[in-house]
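Student: Below is the sequence, then the predicted model.
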Amino acid sequence: AQKVTQAQTEISVVEKEDVTLDCVYETRDTTYYLFWYKQPPSGELVFLIRRNSFDEQNEISGRYSWNFQKSTSSFNFTITASQVVDSAVYFCALNPSYNTDKLIFGTGTRLQVFP
Amino acid sequence: NAGVTQTPKFRVLKTGQSMTLLCAQDMNHEYMYWYRQDPGMGLRLIHYSVGEGTTAKGEVPDGYNVSRLKNQNFLLGLESAAPSQTSVYFCASRDPGQMNTEAFFGQGTRLTVV
């Protein structure tokens, strides 16, 4: 099966708290690609990061960091010192194989950051 | 720098009416996609195309048809709209390349079928 699971439907935090959004994926292939997108209240989808299955290094971009663990098929996203502007729906997505055209999304996690 | 443009942005249809959603991209991407977004369901793939003249079914294709007559345009048609097709529709395009680049999305079309 090719699937992305975001078990957290909604998370609420207070500003400056750290928060982790979970993403678990399923694919049979050894070469695949993972993505995170942000959908702010305005509705557009904003690309955040891409990761291929051969690169297990964690990545940090400002307050954002990503933890990719093939052993647990997870690609989790952490926001450090959250801000109100981080309030959005966050989607994890999978391109499950090197030779497939599909981009499969999880159901999303709604993050609300309160002042 | 337009990127991916969807028209219209909003539409209300009566049950049984037909309509076409237009997606245009100016990045010369080969791959184009139509998704629908419903509460609690995330983004579900309706149809997609890997190049001019090609189309393929996604996970929820029933009730929709698509055409890709030109590389830059991808049309989504509803022949006989149903209330279950009330949703927000997103078009996306992608250049597959060798590194499986990210998809670029349009602003979305909010469709209500009454």
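Tutor: Now that the structure is in, tell me what you want to look at.

Student: Can you name the residues bridging to the residue positioned nearest the centre of chain B?
Tutor: Nearest to the mean C-alpha position of chain B, by Cα atoms, centre = their mean, lies B:Trp34 at 2.7 Å. Judged by DSSP bridges, the bridge partners of B:Trp34 are B:His47, B:Cys91.

Student: Name the nearest residue to A:Phe77, sequence neighbours excluded.
Tutor: A:Leu21 (4.5 Å; Cβ to Cβ, 6 or more residues apart in numbering or on different chains). Just so you know, the C-beta spots here come from the backbone N, C-alpha and C atoms, and that holds for glycine as well.

Student: what about the one you found, neighbour count?
Tutor: A:Leu21 has 23 neighbours, counted by other Cβ atoms under 10 Å in any protein chain shown.

Student: Then the one 4 residues further on?
Tutor: Counted by other Cβ under 10 Å, the residues lying close to A:Tyr25 total 21.

Student: Residues in contact with the helix or strand harbouring it: which ones?
Tutor: Assessed by DSSP states H and E, A:Tyr25 sits inside strand A:24-26. Outside strand A:24-26, the residues that touch it by Cβ atoms under 8 Å, 6 or more residues apart in numbering or on different chains are A:1-7, A:32, A:34, A:72-75, A:92, A:94, A:96.

Student: what about 10 Å?
Tutor: The contact list for strand A:24-26 (Cβ atoms under 10 Å, 6 or more residues apart in numbering or on different chains) reads A:1-7, A:32, A:34, A:53, A:69, A:72-76, A:92-94, A:96, A:104, A:106.

Student: number of nearby residues for the nearest residue to A:Gln2 once chain neighbours are set aside?
Tutor: Nearest residue to A:Gln2, sequence neighbours excluded (Cβ to Cβ, 6+ apart): A:Pro96, at 4.1 Å. Other residues near A:Pro96 come to 22 when the count uses other Cβ under 10 Å.
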